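Enquirer: Give me a model of this one.
(2 chains)
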Amino acid sequence: MVTCVNDAMFPETGKAVVRLLERLGVEVDFPAAQTCCAQPMVNTGYLDEAVPVVRTFVEAFDGYDAVVTPSGSCAGSARHQHAIVARRSGDPALAAAVERTAPRTYELSEFLVDVLGVVDVGAYFPHTVTYHPTCHSLRMLGVGDRPRRLLEAVRGLRLVELPGAAECCGFGGTFAVKNSDTSIAMGADKARHVRGTGAEVLVAGDNSCLVHVGGVLSRQQAGVRVVHLAEVLASTEEDAADEPPQTSPATAVGRAPLQGERTP
Amino acid sequence: MPAFPAAARVALADTQLRHNLAHATRTIRDKRAAVVGEVAQWEALRLAGAAVKESALLDLDRHLEQLEERLTAAGATVHWARDAEEACAVVAAVARAHGVDEVVKVKSMATAEIGLNEALAAEGIAAWETDLAELIVQLGGDLPSHILVPAIHRNRAEIREIFRREMAAAGRPAPDDLTDEPAVLAAAARAHLREKFLRAKVGVSGANFAVAESGTLVVVESEGNGRMCLTLPEVLVSVVGIEKVVPTWEALDPLLRLLPRSSTGERMNPYTSTWSGVTPGDGPQEVHVVLLDAGRTRALADEVGRQALRCIRCSACLNVCPVYERTGGHAYGSVYPGPIGAILNPLMKGVGQAGPEGAQTDSLPYASSLCGACFEVCPVRIDIPSVLVDLRAQVVDAHRGDRGVKGEAVAMRAAAWSFSDARRLAWAERASGVAGRVLTRLGRTTLPGGRRAAGRLPGPGAAWTGARDLPAPPRESFRAWWARTRPTQEDDR
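Expert: Okay, here's the model as predicted:
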């Protein structure tokens, strides 16, 4: 599943997942009927509105061996929240479909490590990186050290510790807007920790958290890039060779290719 | 009390407060993590604690009746209070019957919840807090901002100033050579409080637990002031929430082991006091117990939320909460702040009520990023994030019939409409791609890596772009790319 945020705002993450999984010999399909995991509605309390969205999810993915999504948050939604929505709908067929899809929905690092059994995915990413374990990956799903193990196996990558890594970045879906002052205060502290590491790149498994922290970092002109885990893992030496020399990020004006994007 | 976002804004602007809170919560958090790490079977202990409270709640009526029977047999007078008003009236009546104009108190969340001090003051009776932090808060004319450390938002220099300014009017004045050394401040408080303990005829307490089988109330504390309040006065009134009852002493065991490590980061609490009615010639010779509902049965009736009544008031969830760490306790508008307050208050008061108080209550389930740190540390495994989400749904449902159109509801309905059908979503993404091209031209910022940012957005979007850049939407969505580059796939979108 390419989440709604990735689909509409960060298509490069979805492309990276496809490239990575195909490189590892997985047959990838993108059922075009898919839309969203319904988390925006569920987390804001609009459970009635979430019912048709969950229905769309299970109809699109019923019948596949595994649903892989580059988001701990969306995988957590499918695994823990869809059942709540289905119960509310009072539709036993929907509840049964949720029971089929929920346990087969994996966050990317879980799928790579647990299902495919790989840690070294053959990636090359010659940068200093710090990693933020997003809350839903860490606590709702319990992905543990899987993303770190994957990153540590990436050639050229230097991983530096992020202080207070397990603390929430302050995104929290509609929390970022409903309680924007608190959200920004949390994001500012996260950004301060990221800057303190001296890393060039902040990596996480959820673009929603990255757009928040990245937005704060960018406003501070911190010069730190935010890159999704999938894009790091999809990168190869070939990509690095294609990458033009980096100008100072804070002053760059041209459109440099995003990590993992193939130049035409 | 304003709704949470507005109250939080005030707290966030107070840099001293934020510094004090960040320092204090980090210290307690680290202490807790260290002592919890010493217990090999912590998870099993948590499960045992949760199970004990859960089963006690399932048979609450039976346990409460047994508690009343045993307490009465031991010479105590048991009162039942449906709400704050009834509970305060009982305490005031006892104090009036003994003709006193002051009482001493051991720190108690239940009496803070019902506003007992204010109710007694209205009858001309002064209620003196004897817990050190509560004393600081009371002398400072302030409100507690933490369950365990009510004066967490104050630093040493501020405390010295409060003692110098306010102690004289309340009793024994602070010594002239008062410094901000913790030991010197504590000595001043001790001298001030000792006079009160020896003078007071009536003591008021809460209870951490109530054991039904023997009719025993239990208070755990660190300072010994509670024990003074429980033993020195001639008359004792204890106000106890009905959810505090456990059936047996055996059931109490995991809770007494979970509480100190979770709350103060200690292996064992320094003082555990228990009392059962009246013992002739020893301690208070007249004992009253007020069993308080005040919304607890309402919470008990909530299928998802009732687990909140397991809470043993350890405050571990406050200390790990990133929202609490930045806003402090006052923003929650209740004696129960932080994650547990964000669920307990709506559960006990009920959501969807009209007026500013209703709006404040309704704002609490949203005062969380749902990061889950609270659930992770809760010693009785209250799944606070799930309860928060359920309460959000209750808030939304309670307002579905409201007059006037709410922007958020419209946005959610619109999002659900486009997410219910991929063709609609694809159309919305094409529109956002067009908007992206416009925003790219308007935006002047380039994100590191080269992507253009959208400019500052008007309306509700300003809540985002006020302090955060937002990447402009890309020209092509993922699904459009997939359809374009994988023509072999059947696709008619």
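
Enquirer: Stretch B:419-430 close to chain A?
Expert: Yes. Part of stretch B:419-430 sits near chain A under the criterion CB under 8 Å from any CB of the partner chain, namely B:Phe419, B:Ser420, B:Asp421, B:Ala422, B:Leu425, B:Ala428, B:Glu429. For the C-beta atoms, the positions are set from N, CA and C on the backbone; glycine is no exception.

Enquirer: For stretch B:446-463, list the C-alpha coordinates in PDB.
Expert: C-alpha atoms of stretch B:446-463 as PDB (Å, rounded to 0.1, in the frame of the first residue of the first chain):
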ATOM      1  CA  THR B 446      13.600  25.500  -1.500                       C
ATOM      2  CA  LEU B 447      13.800  22.600   0.900                       C
ATOM      3  CA  PRO B 448      17.200  20.900   1.400                       C
ATOM      4  CA  GLY B 449      17.500  18.400  -1.400                       C
ATOM      5  CA  GLY B 450      16.000  20.800  -3.900                       C
ATOM      6  CA  ARG B 451      12.300  20.500  -3.600                       C
ATOM      7  CA  ARG B 452      10.300  23.700  -3.600                       C
ATOM      8  CA  ALA B 453       8.100  24.500  -0.600                       C
ATOM      9  CA  ALA B 454       4.600  26.000  -0.800                       C
ATOM     10  CA  GLY B 455       4.300  29.500   0.400                       C
ATOM     11  CA  ARG B 456       2.500  30.400   3.700                       C
ATOM     12  CA  LEU B 457      -1.000  29.200   3.500                       C
ATOM     13  CA  PRO B 458      -4.100  31.200   4.500                       C
ATOM     14  CA  GLY B 459      -7.000  30.000   6.700                       C
ATOM     15  CA  PRO B 460      -6.600  26.700   8.600                       C
ATOM     16  CA  GLY B 461      -3.400  26.000   6.600                       C
ATOM     17  CA  ALA B 462      -1.800  28.800   8.500                       C
ATOM     18  CA  ALA B 463      -1.700  26.600  11.600                       C
END
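
Enquirer: residue nearest the centroid of chain A?
Expert: Of all residues in chain A, the one closest to the mean position by CA atoms, centre = their mean is A:Asp206, 2.6 Å from it.

Enquirer: I figured it was touching A:Tyr131, is that so?
Expert: No. Contact criterion CB atoms under 8 Å: A:Asp206 and A:Tyr131 do not qualify, at 11.9 Å.

Enquirer: Dihedrals phi and psi, residue 126?
Expert: No chain specified, so I'll use chain A. Note on A:Pro126: backbone dihedrals following degrees, to the nearest 10 are phi -80, psi 70.

Enquirer: actually it's chain B I care about, not the one you picked
Expert: Dihedral angles for B:Ala126 - degrees, to the nearest 10 - are phi -90, psi 130.

Enquirer: residues in contact with the closest residue to it other than its chain neighbours?
Expert: Closest residue in space to B:Ala126, ignoring its immediate chain neighbours: B:Glu102 at 4.4 Å, by CB to CB, 6 or more residues apart in numbering or on different chains. Applying CB atoms under 8 Å, 6 or more residues apart in numbering or on different chains to B:Glu102 gives the contacts B:Ile125, B:Ala126, B:Ala127, B:Trp128, B:Lys196, B:Arg199, B:Ala200.

Enquirer: ok, back up a step: out of the residues of stretch B:419-430 next to chain A, which are buried?
Expert: By neighbour count, with 16 or more other CB atoms under 10 Å in any protein chain shown, these hold B:Phe419, B:Ser420, B:Ala422, B:Leu425, B:Ala428, B:Glu429 as buried.

Enquirer: Closest one of these to B:Asp469?
Expert: B:Glu429 (20.9 Å; CB to CB).

Enquirer: The lengthiest helix in chain A packs against which elements?
Expert: Ranked by residue count under DSSP state H, the longest helix found in chain A is helix A:180-197. Applying 3 or more CB pairs under 8 Å, 6 or more residues apart in numbering or on different chains; DSSP states H and E, we find helix A:180-197 packed against helix A:175-178, helix A:207-219, helix B:4-12, helix B:322-327.

Enquirer: Just send those back as TSV, with mean pLDDT and distance to A:Val85 too.
Expert: Output for the helices and strands packed on helix A:180-197, formatted as TSV (pLDDT from 0 to 100; distance: least, CB to CB, whole Å):
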stretch	mean pLDDT	distance to A:Val85
helix A:175-178	94	20
helix A:207-219	95	20
helix B:4-12	95	26
helix B:322-327	96	25
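
Enquirer: Let me know which of these is the nearest to B:Thr445.
Expert: Closest among these, using CB to CB: helix A:207-219, at 6.7 Å.

Enquirer: residues near the closest residue to A:Val129 other than its chain neighbours, how many?
Expert: Nearest in space to A:Val129, with sequence neighbours left out and distances taken as CB to CB, 6+ apart, is A:Val201 at 4.8 Å. A:Val201 has 21 neighbouring residues, counting by other CB atoms under 10 Å in any protein chain shown.

Enquirer: Now A:Val201: phi and psi?
Expert: phi -130, psi 130.

Enquirer: Quick check, pLDDT for it.
Expert: We have a pLDDT of 98 for A:Val201.

Enquirer: got a list of what it touches?
Expert: So A:Val201 contacts A:His127, A:Thr128, A:Val129, A:Thr130, A:Val224, A:Arg225, A:Val226, A:Val227, A:Val232 (CB under 8 Å, 6+ apart).
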